[in-house]
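> Here's my sequence, what's the structure:
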Amino acid sequence: MDTVHCDLYNAALEERIDAWRKAGKSISDFDQQNVLPQIKAARPEFVELGSHALQQTLRRLDLAFQSFFRRVKAGQTPGFPRFKAAKRFSGFTYPDPAGWKLMQHGGRGATLRLGSGDAAMSIRCAAGTASAIGKTQ
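All right, here's what the predicted structure looks like:
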């Protein structure tokens, strides 16, 4: 799952860098989110993740570019946000409870369930991790 989000992040980053270098144009988060239906049609593995999770990956990139442009405006010479290797891509975000459920097990941790039915994936979390996940609900 992380790999697909990483692919989206890197492709969107490449698009933004090319637009800035070739035309001095900034592509917005909104512009890239509007292209998601076409991307999902071309790459079926994106469909399974849901639109909200993909939008959050694009928002994450947008925050990196906001910092980049803030430094440009301040007269600094910043580098572009970096491309991410799949093994160094630090997760993804589900912004709402649709499609996932956190089941607490007292002080023994929790289980994070993504999806529903036979295709659902369950992830066991340690006690400290479970409280951090629960705060995002």
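> from here on, contacts and neighbour counts on C-alpha atoms
Will do.
> now whichever strand or helix holds Leu58: how far from the chain's centre is it?
Using DSSP states H and E, Leu58 sits in helix 51-73. Chain-centre distance of helix 51-73: 10 Å, with Cα atoms, centre = their mean, to the nearest Å.
> Please, where are all the helices along the protein?
For the chain, helices defined by DSSP state H occupy the ranges 2-23, 29-34, 36-42, 51-73, 127-134.
> sorry, back to before: in the helix holding Leu58, what counts as buried?
52-59, 61-62, 64-65, 68-69 (16 or more other Cα atoms under 10 Å).
> Need the per-residue pLDDT for His99.
Just so we're on the same page, residue 99 is Gly rather than His. Per-residue confidence (pLDDT) for Gly99: 64.
> Likewise for the one 4 residues further on?
Each residue has a pLDDT score; the one for Met103 is 70.
> again with Ala12
Reported pLDDT for Ala12: 94.
> Also Ser26?
In this prediction, Ser26 has a pLDDT value of 86.
> With adjacent residues omitted, what lies nearest to Thr111?
If the residues on either side of it in the chain are set aside, Thr111 comes closest to Arg124, at 4.5 Å by Cα to Cα, 6 or more residues apart in numbering.
> if we can go back for a sec, Asn34: which of the buried residues of helix 51-73 is nearest?
Lowest distance from Asn34 to the buried residues of helix 51-73 (Cα to Cα) belongs to Gln55, with 9.6 Å.
> Roughly how far does the closest residue to the closest one other than its chain neighbours sit from Arg88?
Nearest residue to Gln55, sequence neighbours excluded (Cα to Cα, 6+ apart): Gln33, at 6.2 Å. Separation of Gln33 from Arg88 (Cα to Cα, to the nearest Å) stands at 23 Å.
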